[in-house]
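Enquirer: for reference, the sequence and a predicted model appear below.
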Amino acid sequence: MASINRGQMTHRYDGELVVFHIGMTVNKWWRPDQWMPLMGDMPRMLRELSTDPDSGLLGFTMLIGSRGPYLVQYWSSLEKLYAYASDPEHEHRPAWTRFNRRARKTPGAVGIWHETHVVERAETIYVATPPMGLPKATEIVPIASRHDRARARVADGRTRGPAAID
């Protein structure tokens, strides 16, 4: 079990930051032949990305929504995200091809969605939590007294440089 950080924590990160949400919606629960293969594809992709320090993936969090699972991923650049997504030698392209093939046979059984956010500034606070989210993907640091309010952290929360703390 991860240890609990005492006090108020935030993140520090120097560089481009991309937050990528990706998930699936299970529209026909009675068709596990359509959505179960997707549940197997994502762990292979995450394993591949996590073992390659040059992939650009900084970290991720798996969540469960009302219609299915989704991931919040943190990337070091938009170009690295796009390079991974389009490279036929990595897990994503073959998985995408398999999804499209199944989707044509059973339209609407399962949906895929994603959102890509290029982040200029980010404000975070974590109180009495284990490392998680953006600080886990980047660097977790204590919040100094001049940044004890969200407004101050947003004002100084540039992803380029350590301005998120004193």
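Expert: Okay, I see it.

Enquirer: can you pull out the strands in this protein?
Expert: For the chain, applying DSSP state E gives strands covering 8-12, 18-26, 57-64, 69-75, 110-118, 126-127, 139-142.

Enquirer: including mean pLDDT and mean neighbour count, could those go into a markdown table?
Expert: Heads up, the C-betas are built off the backbone N, CA and C, glycines and all. Shown next, in a markdown table, are those (pLDDT from 0 to 100; neighbours: other CB atoms under 10 Å):
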| stretch | mean pLDDT | mean neighbour count |
| --- | --- | --- |
| strand 8-12 | 90 | 20 |
| strand 18-26 | 96 | 19 |
| strand 57-64 | 96 | 16 |
| strand 69-75 | 97 | 21 |
| strand 110-118 | 96 | 14 |
| strand 126-127 | 92 | 16 |
| strand 139-142 | 92 | 16 |
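
Enquirer: what's the closest of those strands to Gly133?
Expert: strand 57-64 (6.3 Å; CB to CB).

Enquirer: paired strands for that closest one, with orientation please.
Expert: Sheet pairing for strand 57-64, assigned by DSSP bridges, gives strand 69-75 (antiparallel).

Enquirer: which residues are in contact with the partner strand?
Expert: 17-24, 39, 42, 46, 56-64, 81, 113, 133-134, 137-138 (CB atoms under 8 Å, 6 or more residues apart in numbering).
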